[in-house]
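>>> Please find the sequence and the predicted model below.
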Amino acid sequence: MSARTSAVLVLGAGFSTPAGVPSQRELLSHIHELTPMLGESEEVIRFQKAKQVVEDFLQAVFSECDRSVGERPWWEIELEDVYSVLDRALSEDDVLLRGSRRRDAGGCGLERTLSEDEPYDHERLYLVRNSLDTCIAYAISHATPADLSLYHAVYNELCARYDDWATISTNWDLLWDNTLQQCSSRCGQTVDYGVPARAMEDGSLLPRGGPLLYKLHGSLNWGSCPCCHGMFARTDGRLWVPQIMPAPCPRCGSNEETPSLRTFIITPTALKTIRNPIVQMVYDEAFALLRRATTVIFVGYSLPAADHNLRYLFRRGISTEASVKVILRDPGATDVFRRYQSLLGLPNDSLCTEGFESFFNLRGRCDRGSWNLS
């Protein structure tokens, strides 16, 4: 990488939604609609069990909150609220009480009694959180398309426009990871996550020097070891869920005692903290990247208040001399853009409301039926 980066692409959920990957606002609804047949595989069975744990929790703890309109469907609850409540209860070692009423159990025609003497203690809350992570990973993995032609076109356009560019992403999915891998493999390169990473399969160090991708919220193909703090990435282009496919640490494990890898995602919660040393390193490298950038392009990122660490990073990292563009989609783009203007002081012409397909001149260059570029 040169001393001064030409462009930094900052990706949010709006970058993946044209491919059918659900945004955070859509995840619980998407999980609700996923009803694969039992018996297909161990993965499906574990997803169904995790979904039931999450559904029971949300019905018990959240569904009575709005008494003026009656019980809410659990899939309409804000994901940020769910994670914030779970994380606060776990950090404080609190117990959450269940409401007392009889409910239909998951639409299966079975009634169960949820009484106040069945609270959610630390152990059960931890199970709920892990189950929610499992459901999200399963939902995203089954929504990610195999055809990445639209994103190959974005990659080619970036290479044509900029001599030097890199990516910062807030997304957990592997859509852009796999795009970079497929496109850069022509030159014998592999994705560079900006920090030392090892292959989850055998613990070998992954090669550096390929296209840079800093994933500030972690990734669903990453795992971390709670013992040696090593970062591991699955290298076959697929997501990884420890509850479905547990993996021992290939770096510090032994025959006597082998720690299991943990999921490596930062969830949408009001209690975000950056304590993991690998995540801190990713943030430090992203800061240096932004300081060198002459152009910063935000694509589909809504700059939510909960992302206070990122807001601080962008305010501190982006030079006042850098050209900044914000690529969003209507409706609501103007309201989101006001948050950018408040934080970064951007002029009105920094906003593009027609999506990244228009910004990169991709309309008509991909399959309209598949990618809805009209």
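It's in.
>>> can you give me the helices in the stretch 1-150 of the chain?
Remark: helices of the stretch 1-150 of the chain, listed N- to C-terminal, are 24-33, 42-61, 79-92, 122-141, 149-161; assignment by DSSP state H, counting those that start in this stretch.
>>> List the buried residues for stretch 311-318?
Neighbour counts using 16 or more other Cβ atoms under 10 Å place 311, 313-314, 317-318 of stretch 311-318 among the buried residues. Just so you know, the C-beta spots here come from the backbone N, C-alpha and C atoms, and that holds for glycine as well.
>>> re the thing from before, could I get the helices of the stretch 1-150 of the chain as CSV with mean pLDDT and distance to residue 190?
Compiled in CSV, these are given as follows (pLDDT from 0 to 100; distance: least, Cβ to Cβ, whole Å):
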stretch, mean pLDDT, distance to residue 190
helix 24-33, 90, 28
helix 42-61, 89, 26
helix 79-92, 90, 32
helix 122-141, 90, 21
helix 149-161, 94, 14
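>>> For residue 240, which of those is the nearest?
For the helices of the stretch 1-150 of the chain, distance to residue 240 was read as Cβ to Cβ. The smallest value, 7.7 Å, belongs to helix 122-141.
>>> buried set for the one helix or strand residue 341 maps to?
Of the helices and strands defined by DSSP states H and E, residue 341 is found in helix 333-344. Of the residues in helix 333-344, those buried by neighbour count under the rule 16+ other Cβ under 10 Å are 333, 336-337, 340, 344.
>>> tell me the mean pLDDT over that helix?
Regarding helix 333-344, the rounded mean pLDDT is 93.
>>> which other helices and strands contact that helix?
Contact here means 3 or more Cβ pairs under 8 Å, 6 or more residues apart in numbering; DSSP states H and E; on that basis helix 333-344 packs against helix 308-317, strand 323-327, strand 351-352.
>>> Turn the ones you listed into CSV, columns for mean pLDDT and distance to residue 18.
Supplementary listing: the helices and strands packed on helix 333-344 in CSV, determined by pLDDT from 0 to 100; distance: least, Cβ to Cβ, whole Å:
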stretch, mean pLDDT, distance to residue 18
helix 308-317, 94, 22
strand 323-327, 97, 12
strand 351-352, 94, 15
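>>> Tell me which of the ones you listed lies nearest to residue 240.
The closest of the helices and strands packed on helix 333-344 to residue 240 is helix 308-317. By Cβ to Cβ, the value is 23.9 Å.
>>> tell me which residues form a beta bridge with residue 326?
The bridge-partner assignment for residue 326, based on DSSP bridges, gives residue 298, residue 351.
>>> got the contact list for it?
Residues in contact with residue 326 (Cβ atoms under 8 Å, 6 or more residues apart in numbering) are 298, 336-337, 340, 346, 350-352.
>>> can you do 10 Å?
10, 296-301, 303, 333, 336-337, 339-341, 344, 346, 350-353 (Cβ atoms under 10 Å, 6 or more residues apart in numbering).
>>> okay, now residue 149: neighbour count?
By the criterion of other Cβ atoms under 10 Å, residue 149 has 13 neighbours.
>>> what's the spacing between it and residue 246?
Computed as Cβ to Cβ, to the nearest Å, the residue 149 to residue 246 distance reads 35 Å.
>>> now swap in residue 304 and tell me
For residue 304, the distance to residue 246 under the criterion Cβ to Cβ works out to 32 Å.
>>> Low-confidence stretches in the stretch 101-250 of the chain?
Per-residue confidence of the stretch 101-250 of the chain (counting by pLDDT under 70) places the weak regions at 101-117, 241-244.
>>> Can you pick out the residue with more neighbours from residue 304 and residue 246?
Set side by side, residue 304 and residue 246 show unequal neighbour counts under other Cβ under 10 Å, the larger going to residue 304 at 16 against 11.
>>> Against residue 238, how distant is that one?
28 Å.
>>> quick one, domains of the chain?
Per the record's domain assignment (automatic domain parsing), the chain is made up of the domains 7-21+146-371, 25-141.
>>> dump the residue contacts of the closest residue to residue 79 other than its chain neighbours.
If the residues on either side of it in the chain are set aside, residue 79 comes closest to residue 24, at 5.3 Å by Cβ to Cβ, 6 or more residues apart in numbering. Listed by Cβ under 10 Å, 6+ apart, the contact set of residue 24 reads 12-13, 78-80, 83, 136, 170-172, 267-268, 302, 304, 306.
>>> go on, residue 209?
The neighbourhood of residue 209, defined by Cβ under 10 Å, 6+ apart, consists of 1, 184, 188-190, 192.
>>> Which of the three states applies to it?
coil (DSSP: H, G, I helix; E, B strand; the rest coil).
>>> Brilliant, that's me finished.
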